[in-house]
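>>> Below is the structure, and that's it, no one-letter string:
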């Protein structure tokens, strides 16, 4: 896949604007091609959150009606997983996150699962059936915008107490890698 830096993207946008003005006099097929190019440009400009960026979780409603506030997360590392009930890799990773939650009980670490399921009603039965022991919420438009384009699911972020992303993984992590997340909160 080709990646553009900001300067190249700006130059490309200028050429695209010039081309758009000339296209006004051309027929329907050319306008449809232009639409395809516009969608391609939108994909190029979508930014995904990366290590070093900031992600603040505040006023997040969980599926059981609780509200997770920035204040309730103060001083804690967050493990935020983006997942779906239909994803087998997410299911296996959830099993490991359940164990991580048990290992870190009483430590300054909070796991939060953000479901991207299209049917929110599918999530509570999954959580109950599989015994997820950490807060689960639906992806919000605000978090979707902040996280940006995902590379796949599950996608996992570790966020330090200041809100900085210190680790990002996508795809299923092996159990030992998930359990190693405890290192973020172990006394040195």
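That came in fine, so what should we check first? Everything numeric in this text was worked out from a predicted model, so none of it was measured. Numbering: from 1, shown residues only.
>>> What's the first helix or strand after the lowest-mean-pLDDT helix or strand in the chain?
Taking mean pLDDT, DSSP states H and E as the measure, helix 28-45 is the helix or strand of the chain with the lowest mean score, a mean of 44. Of the helices and strands lying after helix 28-45 in sequence (DSSP states H and E), the nearest is strand 60-61.
>>> low pLDDT regions in this structure?
Counting by pLDDT under 70, the chain contains low-confidence ranges at 1-46, 188.
>>> which residues in it form helices?
Assignment of helices within the chain using DSSP state H yields the ranges 6-23, 28-45, 88-103, 123-130, 141-147, 175-179.
>>> List of residues touching the third one?
So the one you mean is helix 88-103. Under the criterion C-beta atoms under 8 Å, 6 or more residues apart in numbering, residues 79, 81, 83-84, 111, 113, 130-134, 153-154, 156, 171-173, 175, 178-179, 181-182 lie in contact with helix 88-103. All C-beta spots, glycine's among them, are computed from the backbone N, C-alpha and C.
>>> Give me the buried positions along that helix.
Using 16 or more other C-beta atoms under 10 Å as the burial criterion, the residues of helix 88-103 that qualify are 89, 90, 91, 92, 93, 94, 96, 97, 98, 100, 101.
>>> again with the shortest one
Judged by neighbour count using 16+ other C-beta under 10 Å, the buried positions of helix 175-179 are 178, 179.
>>> Counting by contacts, list what it packs against.
helix 88-103 (3 or more C-beta pairs under 8 Å, 6 or more residues apart in numbering; DSSP states H and E).
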